[in-house]
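**Q** coordinates only, sequence not included:
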DNA sequence: CTCCATTCCTAGACTCTCTAGGTTTCAGCC
DNA sequence: GGCTGAAACCTAGAGAGTCTAGGAATGGAG
């Protein structure tokens, strides 16, 4: 019987394709095995199980996403960088809904800390924000705001959550404008008692 | 044999409890049947299947959420209303992670349009924003920004996405401040510091 | 009391995850 | 060329879950 030539990497890559075609929740070891013309039990030699496959897929997609973002942001600063970051983020979510969904799953905190992709994501995000002259803890707050908005927008959009006629792209552009404005006039602790380093 | 007294409403309510206890993805007809001391096939008299149960749960949770928000926002305006809205939203997501996860699932667009909860949500959201003097299409853009940010923040938080030490509540407060700032100085069409894109 | 719609049941087909243990293939070495 | 060991892939089967089909019990209306 001819071998399918399975490896962990190939299994994860096929899972990524399957996720985009059928949806992340339909990524199944049985379906994946069918795609390779192999029995599902055979996949357990390369992947510890469904949970393992899913977290591998999440890290794989996270790596792809940050690669795209890094490429888009390279050489830009300020609003230019923000727009490029956001555009690359949303484009990936739209082109690869299954992979993007994979990036949303809950992953063991220790795995996140150990993954180079996540560290790279943090670097690039913080780097982009440095142009706005923010300092900790405002920097962390701003990162959280950006991540939340980008993620929330893409999640709602891909879930069909935007019913109104208004073009989704136009609203996205406006959201970026609004975020840029918020970042440039970031509300600091200007209040009488306030002083955070 | 004593009957369990099942009705569609009771099944959905039990599913909501189960979702919060075990997580939305573990809401299963078998588990639900076990909870009622009944065979899983019996539930099919009250619910068309798992998919039907999930969308019913989503609408149920959406109704609860908007009730909480409406109560919190009542009698407030401007930033006060924004803070109350956001606080109620996040509190619900934190108290009922399973139900909140249910509100995120993709639902048939026609069902959304027909549901009174969703119409009520739109009313309250647009009403809150009217204080900022926005007009269409800025109004729709702003609603999408708010929904995205709230949803994204809660999704990331409940998925354990915020690793840094910085308190999550503090970042949330800052995000509200930033959104309020963006809403009060909403970037209208004629941008002075021209940056086309 | 009888009717009968509703409620709940058993039985079983199908899908999927995962384990245990058995073959087959292939690359490198004598 | 033949041996050998590690992968790669297999069969078999337990267990959980969804869902359909059809049968039996319950309880309210007439």
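**A** Nice, I can see it. What you see is a predicted model; the values in this text were computed from it and never measured.
**Q** Helix, strand or coil: sort out residue A:154 for me.
**A** helix (DSSP: H, G, I helix; E, B strand; the rest coil).
**Q** Test my guess that it contacts residue A:91.
**A** No: look at residue A:154 against residue A:91 with C-beta atoms under 8 Å: they stay out of range, at 9.8 Å. Backbone N, C-alpha and C define where each C-beta goes, glycine included.
**Q** More neighbours: which of these two?
**A** When residue A:154 and residue A:91 are compared for neighbours, residue A:154 comes out ahead with 24 against 15, by other C-beta atoms under 10 Å in any protein chain shown.
**Q** Mean pLDDT per helix and strand in chain A: which one sits at the bottom?
**A** helix A:109-114 (a mean of 80; mean pLDDT, DSSP states H and E).
**Q** hmm, the helix or strand following it in reach of chain B?
**A** Next helix or strand after helix A:109-114 toward the C-terminus (DSSP states H and E): helix A:116-130. No: Helix A:116-130 stays clear of chain B (C-beta under 8 Å from any C-beta of the partner chain), getting no nearer than 8.6 Å.
**Q** looking at it, residue A:55 is touching residue A:108, isn't it?
**A** Yes: the pair residue A:55 and residue A:108 passes the contact test of C-beta under 8 Å, sitting 7.4 Å apart.
**Q** Just want to know which of those two has more residues nearby.
**A** More crowded of residue A:55 and residue A:108, by other C-beta under 10 Å: residue A:55, with 19 against 11.
**Q** out of everything not next to it in sequence, what's closest to the more buried one?
**A** Leaving aside its chain neighbours, residue A:55 sits nearest to residue A:107 (5.4 Å; criterion: C-beta to C-beta, 6 or more residues apart in numbering or on different chains).
**Q** and that neighbour, how many neighbours?
**A** Based on other C-beta under 10 Å, the number of other residues close to residue A:107 is 19.
**Q** repeat for residue A:116
**A** 10.
**Q** And it, how close does it get to DNA strand D?
**A** Using C-beta to the nearest atom of the strand, to the nearest Å, one gets 24 Å for the distance from residue A:116 to DNA strand D.
**Q** Could you report the separation of the closest residue to chain B within chain A from DNA strand C?
**A** In chain A, the residue that lies nearest chain B is residue A:152 (2.5 Å; C-beta to the nearest C-beta). Going from residue A:152 to DNA strand C by C-beta to the nearest atom of the strand gives 28 Å.
**Q** Please report how far that residue lies from residue B:152.
**A** Residue A:152 sits 3 Å away from residue B:152, going by C-beta to C-beta, to the nearest Å.
**Q** what ranges of chain A fall below the confidence cut-off?
**A** Within chain A, the stretches falling below the threshold (pLDDT under 70) are A:1-4, A:165, A:189-197.
**Q** quick one, helices of it?
**A** For chain A, the helices defined by DSSP state H cover A:8-22, A:29-36, A:50-73, A:78-95, A:97-103, A:109-114, A:116-130, A:138-158, A:168-184.
**Q** between those helices, which one is nearest to residue B:13?
**A** In terms of C-beta to C-beta, the element of the helices of chain A nearest to residue B:13 is helix A:138-158, at 26.5 Å.
**Q** So what angle separates the directions of the closest one and helix B:138-158?
**A** Per axes from the mean of the first three to the mean of the last three C-alpha atoms, to 10 degrees, the angle that helix A:138-158 makes with helix B:138-158 is 110 degrees.
**Q** which helices and strands does helix A:138-158 pack with?
**A** Contact here means 3 or more C-beta pairs under 8 Å, 6 or more residues apart in numbering or on different chains; DSSP states H and E; on that basis helix A:138-158 packs against helix A:78-95, helix A:97-103, helix A:116-130, helix A:168-184, helix B:138-158, helix B:168-184.
**Q** out of those helices, nearest to residue B:14?
**A** helix B:138-158 (21.7 Å).
**Q** Distance from the chain centre to that closest one, please.
**A** 10 Å (C-alpha atoms, centre = their mean, to the nearest Å).
**Q** tell me the angle of it relative to helix B:116-130?
**A** Orientation check (the same axes, to 10 degrees): helix B:138-158 against helix B:116-130 gives 110 degrees.
**Q** And helix B:138-158, what's buried?
**A** Within helix B:138-158, the residues that count as buried by 16 or more other C-beta atoms under 10 Å in any protein chain shown are B:138-158.
**Q** Ok, stretch A:80-89 next?
**A** A:81, A:82, A:83, A:84, A:85, A:86, A:87, A:88, A:89.
**Q** got those residues as TSV, with distance to chain B columns?
**A** Output for the buried residues of stretch A:80-89, formatted as TSV (distance: C-beta to the nearest C-beta, whole Å):
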residue	distance to chain B
A:81	12
A:82	11
A:83	6
A:84	10
A:85	13
A:86	11
A:87	9
A:88	14
A:89	12
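**Q** so which of these also contact DNA strand C?
**A** Among the buried residues of stretch A:80-89, not one lies near DNA strand C by C-beta under 7 Å from any atom of the strand.
**Q** Pop out the phi and psi values for the residue nearest to residue A:55.
**A** Main-chain dihedrals, residue A:107, degrees, to the nearest 10: phi -120, psi 150.
**Q** With residue A:38 instead?
**A** Dihedral angles (degrees, to the nearest 10) for residue A:38: phi -140, psi 160.
**Q** Was I right to think it contacts residue A:6?
**A** Yes: between residue A:38 and residue A:6 there is a contact under C-beta under 8 Å: 6.9 Å.
**Q** about what we covered before: what's the least confident helix or strand of chain A in contact with?
**A** A:55, A:59, A:118, B:160, B:163 (C-beta atoms under 8 Å, 6 or more residues apart in numbering or on different chains).
**Q** How about it, which residues are buried there?
**A** Quick answer for helix A:109-114 (16+ other C-beta under 10 Å): residue A:112.
**Q** And for stretch A:58-78?
**A** Buried residues in stretch A:58-78, counted by 16+ other C-beta under 10 Å: A:58-66, A:68-70, A:72-73.
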